[in-house]
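>>> Okay, here's the prediction I keep looking at, along with the sequence it came from:
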Amino acid sequence: MRIAFIGQQEFGKQVLEAFLARGDEVAGVFCEPEKAGAKADVLREAAQSRGLTVYQFSSLRSSYAEQAMRELKADIGVMAYVTQFAPQSFVNIPRLGTIQFHPSLLPRHRGPSSISWPISQGATQTGVTIFRPTDGLDEGPVILQKSCQIGPDETLGELYFNKLFPMGISGLLEAADMVVAGQHEERVQDESQASYEGWFRDEEAQIHWHQHVDQVYDLIRACNPAPGAWTMLDGVRTWLYDVRRHPVRTFGEVRGKPGEIARVTDTSIFINAQGGRIEVLRLRAEGGKKMKAGEYAQQAGLIAAS
């Protein structure tokens, strides 16, 4: 098949290489322009190193982008992690239209942080969806879905790289084959089951220790490795990464107020939450680097509240 490829970053690079490895023809690659001072996009570098034509339009709404797409005469468009808005007038140009990857089971968790939100909400299942892009955000007809379990201790990074990343690559390959062969079905999304969440930013990543220890734990998992769940620790803004959850076993086991340091060891810091404690193993204080929590506690002189 002859592909018009739209994507960016490592996921886009790996999807591109997967199509090329099996002998598909990539007519051209559309990448978002890098911001001033930013690292080079690895997808752009990979495409150019293979001699592929690369386009970097500031907007895919422009007549220039549409003309470039028309000139490719592609059978199908493939969108693999795209943050630019791609209008219908652009994605409908390939002979068989375009397919897009989204890391959730649509219509649940539409939006840009669709991996973090289900973890933070304590969900036990998620997956990937390959669908037809429309002018509505993640609203197009579904072609293919693959589901997976979210482990009780799984972090954002583990879920993405170990499960959703490879599932997304295989899903795009499979869906493209189905569309080109005319063997696919398109299922309209059930709007009664739809949910949308925005970016998981600093405000959403703030830890509220009065919440139950399970909610605190899920939030930290959902933010690891980025953006990092944060709290004020002895007056210093601190991001928590690798942690363990210690629920209450008996009434009165947890002493002290939520958010107080309950215990400090050579390797970790224990912080009170409702119904248990969070044991912090790795953190980053403002202005510093990620480090072992016990080492930081020693440097900062942290002690238990009582």
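In hand now; what should we look at?
>>> Which other helices and strands does the helix or strand harbouring Glu295 contact?
Element membership of Glu295, judged by DSSP states H and E, is helix 293-300. Under the contact criterion of 3 or more CB pairs under 8 Å, 6 or more residues apart in numbering; DSSP states H and E, helix 293-300 touches strand 269-273, strand 282-285. C-betas here are computed from N, CA, C, even on glycine.
>>> and that helix, how far from the chain's centre?
Its chain's C-alpha centre and that of helix 293-300 lie 30 Å apart, by CA atoms, centre = their mean, to the nearest Å.
>>> Ok, stretch 57-68 next?
Relative to its parent chain, stretch 57-68 has a centroid offset of 26 Å by CA atoms, centre = their mean.
>>> And that stretch, what's buried?
Under the neighbour-count criterion of 16 or more other CB atoms under 10 Å, stretch 57-68 has Phe57, Leu60, Ala65, Glu66, Ala68 buried.
>>> I'd assumed Met79 was in contact with the second one.
No - taking contact to mean CB atoms under 8 Å, the distance of 10.2 Å between Leu60 and Met79 leaves them out of contact.
>>> what sits in contact with each of the two?
Residues touching both Leu60 and Met79 (CB atoms under 8 Å, 6 or more residues apart in numbering): Ile6, Ala86.
>>> Geometric centre of the chain: which residue is closest?
Among the residues of the chain, the one closest to the centroid is Ile115, at 4.8 Å (CA atoms, centre = their mean).
>>> quick one: which of the buried residues of stretch 57-68 is nearest Val188?
Using CB to CB, Leu60 comes nearest to Val188 of the buried residues of stretch 57-68, at 24.5 Å.
>>> Pull the contacting residues for the closest one.
Counted by CB under 8 Å, 6+ apart, Leu60 has contacts Ile6, Phe30, Gln84, Phe85, Ala86, Pro87, Phe90.
>>> Quick one, which of these are buried?
By 16+ other CB under 10 Å, the contacts of Leu60 give Ile6, Phe30, Gln84, Ala86, Pro87, Phe90 as buried.
>>> Between which two of the residues you listed is the distance greatest?
Distance extremes for the buried ones among the contacts of Leu60: the farthest pair is Phe30 and Pro87 at 12.9 Å, using CB to CB.
>>> my guess is Arg284 meets Met291, correct?
Yes - if you go by CB under 8 Å, Arg284 and Met291 touch, sitting 7.1 Å apart.
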